[in-house]
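Engineer: coords below, sequence missing:
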């Protein structure tokens, strides 16, 4: 599977340089163009969510296969937040996430040079603003503009959406509605026509994936099960199995064993899924755990580079 957006919908709209970071009133920036995420043939995509409060995103580049290609296809910077200022949702990065972005030459470009796509996860932050309660399409687009500007400004390969920890209704915010999530995806796809858009299938957005004839899978590149240690196929309307990940493992958990990882990877191959998700790749040597999925997925053990 190609690790690049499979769509070029509305390619000429609003994705060009000059989007304002931070929404209304923010200064307009000339944003650098970056290459589309690298293609890796038709192989199953391996994903590394790395919480940069605790671990280095560079861990994803430490492992290669026998042929020297990277063991991971997508490294996800976990996580920026969707916050609320009393009137509008806005994109917020804590100091650790911002440090990674501000030092892209140190933390992001080396991974991309290896052929690893780097995306930014956006997560709820207990303030009531989420992907499922934008009041209208304009509000969804204002937030999408901030996300797109950040992706382009820092030369990222896309965005991941995680509808957890929102606490819908807090601070006078609205409850989830039927149109919000799809309108957000439409705006993101318009503004990021050649970037990855992925979905961690959880929260109210997961229950609201169709609106006015548009399906989430028509706009996403990948989606996956969010429950580590489990193998679950959640419906993503319009998304083929070859772009979905049923398996998810926590590489930082003491309960995760090579046998459990291998079993989930073998099922992924046998059932024709197109992604395999990991969380919290640690520093040091986790070759045994990484090889436990690369051998079934790619026919090769992993080694430290």
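Structural biologist: Looks like it came in fine. Just so it is clear, the model here is predicted, and its values are computed rather than measured. Numbering: from 1, shown residues only.
Engineer: just checking, residue 139 touches residue 88?
Structural biologist: Yes - taking C-beta atoms under 8 Å as the contact criterion, residue 139 and residue 88 are neighbours in contact, 6.9 Å apart. Quick note: C-beta positions are derived from backbone N, CA and C, even for glycine.
Engineer: Return the distance of residue 164 relative to residue 223.
Structural biologist: 15 Å (C-beta to C-beta, to the nearest Å).
Engineer: ok, these two, which is more surrounded?
Structural biologist: Set side by side, residue 164 and residue 223 show more neighbours around residue 223, with 25 against 14, by other C-beta atoms under 10 Å.
Engineer: Could you list the buried residues of the helix or strand residue 99 falls within?
Structural biologist: With elements delineated by DSSP states H and E, residue 99 resides in helix 95-102, which encompasses its position. By 16 or more other C-beta atoms under 10 Å, the buried positions in helix 95-102 come out as 97, 100, 101.
Engineer: Leaving aside the residues adjacent along the chain, what's closest to the second one?
Structural biologist: In this case it means residue 100. Spatial nearest neighbour of residue 100, chain neighbours left out: residue 107 (4.7 Å); criterion: C-beta to C-beta, 6 or more residues apart in numbering.
Engineer: Determine the number of other residues adjacent to the nearest residue to residue 242 once chain neighbours are set aside.
Structural biologist: For residue 242, the nearest residue in space outside its immediate sequence neighbours is residue 274; the separation is 4.0 Å by C-beta to C-beta, 6+ apart. Neighbourhood size, residue 274 [other C-beta under 10 Å]: 20.
Engineer: Show me where the chain has its strands.
Structural biologist: Under the criterion DSSP state E, the chain carries strands at the ranges 45-51, 63-64, 74-84, 89-92, 117-124, 158-162, 196-200, 210-211, 214-215, 222-224, 244-245, 247-250, 275-279, 303-304.
Engineer: Redo those strands as a markdown table? Include distance to residue 148 and mean pLDDT.
Structural biologist: Below are those laid out as a markdown table (distance: least, C-beta to C-beta, whole Å; pLDDT from 0 to 100):
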| stretch | distance to residue 148 | mean pLDDT |
| --- | --- | --- |
| strand 45-51 | 21 | 98 |
| strand 63-64 | 31 | 98 |
| strand 74-84 | 13 | 98 |
| strand 89-92 | 10 | 98 |
| strand 117-124 | 11 | 98 |
| strand 158-162 | 8 | 98 |
| strand 196-200 | 10 | 98 |
| strand 210-211 | 21 | 98 |
| strand 214-215 | 19 | 98 |
| strand 222-224 | 18 | 98 |
| strand 244-245 | 24 | 98 |
| strand 247-250 | 27 | 98 |
| strand 275-279 | 23 | 98 |
| strand 303-304 | 35 | 98 |
